[in-house]
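K.L.:
Any chance you can model this:
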Amino acid sequence: MSELLHYIDDYFTGTLSAAEKQAFEMRCTTDQAFAQEVAFYLSARSAIRDELHAEKRQSFTAVAVAPPATAKVRRLWSYLAAAVIAGMLLAGWWIFSGEPSVKQLSARYIKDHLQQLSATMDSGQDSLQSGIAAFNSKDYQLAAKIFGALSTQQQQAPDAIKYLGLVYLNTGAYDQAIVQFDRLIQLPLYANPGPFYKALALLQRAGPQDRQQARELLEEVRSRQLPGNQQATEWLKKI
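P.N.:
Have a look, this model is predicted:
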């Protein structure tokens, strides 16, 4: 049994602590691949249990020549194959049947729109280009160093601060992302994406007051028609 299946089995056999159970349940709602593994585990366990019960009933209700061991193995594998299909269908229903939450929508937005940066056309920004290349290659450690150094230079600060915040947003360092987006908000930009990006970080961090703060920022984005206003308009219906 793999380490992941051991972890799932520990949950259903009641050996996890309360905090571990809470983390497990949260992961089921945010991690589609993990939810599929859990669904497969449950379906497979149910199929095997049903097979064992059927074998027991047959042993008490009929007297017959026992089938070859290979036949039993084949029949068990047929149950497992069915369980795999059922597990995948169950996981798909679990994740997609309900309307996605605003946290799921914001996570999808980050994945779809904020994991690649467009190269700048200014030949005088070679260092910024290097940071962008590192970011697009998912070398976030290097990108953070480059953008961090450039964020103190007046000419390149707006882009560098924004990109540094996106590094932290993509790596789950939401506290640090929020610090950078607060810096970005303070800059006198014509179309400042800082409020929308900070709202994304708050929705992903999901602290006690984060949802309300994110709502206020999204309302600002919508009312001022800032970058992200279309998403803000939709997400505000769900907060």
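K.L.:
domains of the protein?
P.N.:
By the record's domain assignment, the chain is partitioned as 3-98, 105-235 (automatic domain parsing).
K.L.:
quick one, helices of the protein?
P.N.:
3-12, 18-30, 32-61, 69-96, 102-113, 126-136, 140-150, 157-170, 174-185, 194-205, 210-224, 229-235 (DSSP state H).
K.L.:
what's the least confident stretch among these?
P.N.:
Taking each of the helices of the chain in turn, the lowest mean pLDDT turns up on helix 69-96, with a mean of 56.
K.L.:
Neighbours of the closest residue to L117 other than its chain neighbours, how many?
P.N.:
Distances taken as C-beta to C-beta, 6 or more residues apart in numbering place I132 nearest to L117, at 4.7 Å, with adjacent residues excluded. Placement of C-beta: from N, CA and C, glycine included. Close neighbours of I132, defined as other C-beta atoms under 10 Å, add up to 21.
K.L.:
again with G148
P.N.:
G148 is flanked by 16 other residues according to other C-beta under 10 Å.
K.L.:
how about it, what does it touch?
P.N.:
Contacts for G148 (C-beta atoms under 8 Å, 6 or more residues apart in numbering) come out as 160, 164.
K.L.:
measure the residue lying closest to K238 once chain neighbours are set aside to T171 for me?
P.N.:
In space, not counting the residues next to it along the chain, K238 is nearest to V102; the distance is 4.3 Å by C-beta to C-beta, 6+ apart. When distance is defined by C-beta to C-beta, to the nearest Å, V102 is 21 Å away from T171.
K.L.:
Looking at the two, which one has more neighbours?
P.N.:
Between V102 and T171, V102 has the larger neighbour count (other C-beta under 10 Å), namely 20 against 15.
K.L.:
in stretch 217-230, what counts as buried?
P.N.:
Applying a neighbour-count criterion of 16 or more other C-beta atoms under 10 Å, the buried positions in stretch 217-230 are 217-222, 226-229.
K.L.:
Identify all contacting residues around it.
P.N.:
For stretch 217-230, the external contacting residues (C-beta under 8 Å, 6+ apart) are 191-193, 195-199, 202, 232-233, 235-236, 239.
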